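[1] Only the shape, not the letters, is given here:
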């Protein structure tokens with residue numbers, strides 16, 4: 001059965017990184033009054049390429065549900081048909097989409113959580129944070145503790161930094177950590193890989209809870225991981241090596 005296609009109109013286009021050619025793209029679905037999805041889900045974009053072949057590509061939604069709108073975080077890829085098509089769109093132009101799809105969504109009941117991302121894997125995490133801490137709406141975090149650990153190579157590739165810093169400043173139960181694997185000489189922030197910083201968070205949390213393994217037996221904490229396969233695998237292995245059950249580790253990889 002063919003999926004129902006919707007026309008998504010680009011309303012706003014923001015350059016997040018000149019060096020990475022990464023864009024924040026905000027779309028509206030004019031034929032729908034509401035586009036209901038869960039934070040963390042994705043849409044599939046559909047178009048015909050230069051060889052007259054239909055191409056489909058999935059992109060995580062980089063926003064929380066809001067009327068008939070959604071956002072994407074897309075970087076230009078050499079030789080990549082769909083990424084470059086989206087990056088070349090101008091406001092007012094359209095693309096066909098279907099969705100929402102995916103199970104990379106917050107678990108219920110809500111628990112303390114660690115969000116872990118690299119590159120454009122930050123997209124669903126932005127959706128999570130927007131949903132938990134809406135700028136114009138009721139705080140949905142239920143007082144739970146949330147960490148966002150974001151890793152990238154260079155400072156110019158830290159996407160949505162000001163937004164996450166603002167949320168962290170306004171909400172004491174949200175902590176934002178960005179780490180560079182190839183920092184420049186003057187970088188004063190965290191260095192190294194995300195799995196190392198995640199391990200430190202888990203160790204500190206366990207110590208504060210008097211050394212009891214609540215995160216294992218009680219399932220009172222989850223990790224949500226999105227990024228390239230190597231990072232996802234390394235972080236999963238690190239957490240499982242610390243005694244976490246695999247069901248506590250929710251992940252999505254895009255390579």
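    Sure thing, it's come through. This one's a predicted model, so the numbers in the text were calculated from it and none came from an experiment.

[2] Can you list the buried residues in the lengthiest helix in the chain?
    Longest helix of the chain, by residue count under DSSP state H: helix 194-208. Neighbour counts over helix 194-208 (16 or more other C-beta atoms under 10 Å) mark 194, 195, 196, 197, 198, 201, 202, 205, 206 as buried. Yep, even glycine has a C-beta here, placed from its N, CA and C like the rest.

[3] Are we agreed that residue 85 is in a strand?
    No: per DSSP: H, G, I helix; E, B strand; the rest coil, residue 85 lies outside any strand segment and is helix.

[4] give me the beta-bridge partners of the residue nearest to it when sequence neighbours are not counted?
    In space, residue 85 comes closest to residue 47 once its chain neighbours are excluded; the distance is 6.2 Å by C-beta to C-beta, 6 or more residues apart in numbering. Per DSSP bridges, the residues bridged to residue 47 are residue 55.

[5] Now for residue 47: which residues touch it?
    Contact analysis of residue 47 by C-beta atoms under 8 Å, 6 or more residues apart in numbering lists 54, 55, 81, 82, 85, 95, 96.

[6] lowest-confidence helix or strand of the protein?
    One helix or strand of the chain scores below all others by mean pLDDT, DSSP states H and E: helix 214-217, with a mean of 43.

[7] Give the next helix or strand downstream of it.
    Note on helix 214-217: by DSSP states H and E, the next helix or strand toward the C-terminus is strand 221-227.

[8] how about low-confidence regions in the protein?
    1, 210-218 (pLDDT under 70).

[9] What are the structural domain limits within it?
    Annotated domains of the chain cover 6-101, 112-253 [automatic domain parsing].

[10] Quick check: end-to-end length of the longest one?
    Separation of the first and last residues of domain 112-253 by C-alpha to C-alpha, to the nearest Å is 22 Å.

[11] Just the closest of the contacts of residue 47 to residue 182, please.
    Distance to residue 182, by C-beta to C-beta, is smallest for residue 82 among the contacts of residue 47, at 27.5 Å.

[12] Residue 116 - that's part of a strand, no?
    Yes: assessed by three-state DSSP, residue 116 belongs to a strand.

[13] Might you report the residue contacts of it?
    149, 194, 195, 198, 223, 224, 225, 226, 227, 231, 235.

[14] Setting aside sequence neighbours, what's the nearest residue to it?
    residue 225 (4.5 Å).

[15] Surely that neighbour touches residue 251?
    Yes: using C-beta atoms under 8 Å, residue 225 is in contact with residue 251, at 4.1 Å.

[16] Specify which residue of those two has the higher count of neighbours.
    residue 225 (28 against 19; other C-beta atoms under 10 Å).

[17] Roughly how far does that one sit from residue 114?
    9 Å (C-beta to C-beta, to the nearest Å).
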